[in-house]
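1. Kindly return the folded structure for what I paste below:
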Amino acid sequence: MRRRHVLVVVVAVALALVLAGCSGAGNDGNGGGGPNLAGDHADTGAPESTQSGDGAGGDDGGGSADVGANVQNREIIYTAEVRLEVDDYDAARENLTAAARERGGYVGDANRQVRGSGNDTFVVGTVTLRVPSGNYSDAMAAVDENGEVLESRESTDDVTDQVVDLRARLDSLRTERDRLRELYEEANDTEEVLAVQRELSDVQTEIERAEARLQSLERQVAYSTITVRIEEPRPDPQPLEGTRFHETPLLQAFLASVDGVVVLLRSAVVFSAYALPYALVLGVPTVAVAALARRRELPSLRGGGNGGNGGNRGNGENGREGGNGGE
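-> Numbering: from 1, shown residues only. The predicted structure follows:
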């Protein structure tokens, strides 16, 4: 038992010495490292806390760069509509065309209309400019410089999600097309070959549709659209200079009267031509009905007249008889 106790004590003392030696070595390491670190700070001329702050600042700068890169990688369609009043339509259109070409663009569509009559005419039209999206702001500034802006409207359409979805869909469809082509090469049965052909045709159709949609979006993203409505100012109407009645020349008055008589006669003739069909349709039946009614009234008038005469004659004879009796 004593031997065991002695052995335990010896082991404990040995472990204590080992632990003490390890802790001393650790302290010596820290103490030796302290001057080296101080020397490093002295060489750089910045304290340790400043270095950690610079590191944090570096992380923030990297985050801002990532955000800027994400914004630049967005697929955005820029469109604008501008209503512009200019003194000369042709000059403004030439300037806009030149501005678009200088910025790597072109004129997509244009139309021109002349309105008014005589000397009071003015020109209006529309010019559609297509410019690279990187030069959109510069092109808008050039448009504003060509006249007075009466109305302006700008809009953006972020189609990044659509473009990403279309590209992913195209990758999937192309992979499926390749798989169907392999199945087509390995197919031996006629029915199997026809079935693979149908599926392959459907997949190819979907690929073409997706490619057309993707190309359309990419063109709209690459080139912004600026529609400019160009208008010349409407001329003010010139007041008419009237002539007093008594100052009218005699010959002019006579000719004006003759023209008036001619117009009156022509109007009467034209009115008669318009009224003649109505007169025939309405007048002939009316005259026929009136004539028929007149013929029916004549016999009754004649019979009543004879009876009246007979009564007059009877009254005369009675008077004569009365006179004779009085005698």
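2. Please work out the average pLDDT along the host helix or strand of residue 79.
-> Secondary structure from DSSP states H and E places residue 79 in strand 76-85. Regarding strand 76-85, the rounded mean pLDDT is 93.
3. which residues are contacting it?
-> Strand 76-85 has contacts (Cβ atoms under 8 Å, 6 or more residues apart in numbering) with 92, 133, 136, 140, 143-144, 146-160, 217, 220-221, 224-233. C-beta coordinates here come from the backbone N, C-alpha and C atoms, glycine included.
4. Quick one, which of these are buried?
-> Using 16 or more other Cβ atoms under 10 Å as the burial test, the contacts of strand 76-85 include 92, 133, 136, 140, 143, 146-147, 159, 217, 220-221, 224-228, 230-232 as buried.
5. Can you tell me which of those end up in strands?
-> Applying DSSP state E to those, the entries found in strands are 224, 225, 226, 227, 228, 230, 231.
6. Just give me the closest of those to residue 189.
-> Nearest to residue 189 among those: residue 225, at 53.1 Å, using Cβ to Cβ.
7. Can you tell me, leaving aside adjacent residues, what's nearest to that closest one?
-> Leaving aside its sequence neighbours, residue 225 sits nearest to residue 79 (Cβ to Cβ, 6 or more residues apart in numbering; 4.8 Å).
8. Also residue 105?
-> residue 131 (3.4 Å).
9. Kindly state the beta-bridge partners for the one you found.
-> Beta-bridge partners recorded for residue 131 (DSSP bridges): residue 224.
10. Poorly predicted segments of this protein, please.
-> Scanning the chain for pLDDT under 70 picks out 1-72, 118, 237-247, 298-327.
11. which residues touch the residue nearest to residue 105?
-> The contact partners of residue 131, by Cβ under 8 Å, 6+ apart, come to 100, 103, 104, 105, 139, 223, 224, 226.
12. Quick one: the strands in this protein, in order.
-> Along the chain, the stretches classed as strands by DSSP E are 76-85, 106-117, 120-132, 148-158, 223-231.
13. Minimum distance to residue 294: which of the ones you listed has it?
-> Nearest to residue 294 among these is strand 106-117; the distance by Cβ to Cβ comes to 61.1 Å.
14. out of the ones in strands among the buried ones among the contacts of strand 76-85, which one sits closest to residue 109?
-> Among these, residue 227 lies closest to residue 109 (Cβ to Cβ), at 8.5 Å.
15. My guess is that closest one contacts residue 126. True?
-> Yes. Residue 227 is in contact with residue 126 according to Cβ atoms under 8 Å; the separation is 6.5 Å.
16. Buried residues of stretch 179-199, list them for me.
-> For stretch 179-199, burial by neighbour count (16+ other Cβ under 10 Å) applies to 180, 187, 196, 199.
17. Can I get that stretch in CSV, CA atoms only?
-> In CSV, the C-alpha atoms belonging to stretch 179-199 read as follows (Å, rounded to 0.1, in the frame of the first residue of the first chain):
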residue,chain,number,x,y,z
ARG,A,179,-31.1,13.0,-75.6
LEU,A,180,-33.9,12.5,-78.2
ARG,A,181,-31.4,12.5,-81.0
GLU,A,182,-29.5,9.7,-79.2
LEU,A,183,-32.8,7.7,-78.8
TYR,A,184,-33.5,8.3,-82.5
GLU,A,185,-30.2,6.8,-83.5
GLU,A,186,-30.7,3.8,-81.2
ALA,A,187,-34.4,3.2,-82.2
ASN,A,188,-35.1,0.2,-84.3
ASP,A,189,-38.9,-0.1,-84.2
THR,A,190,-40.8,2.1,-86.7
GLU,A,191,-43.3,3.2,-84.1
GLU,A,192,-40.6,4.1,-81.7
VAL,A,193,-38.8,6.1,-84.4
LEU,A,194,-42.0,8.0,-85.2
ALA,A,195,-42.7,8.7,-81.6
VAL,A,196,-39.2,10.1,-81.1
GLN,A,197,-39.5,12.2,-84.2
ARG,A,198,-42.7,13.8,-82.9
GLU,A,199,-41.2,14.6,-79.6
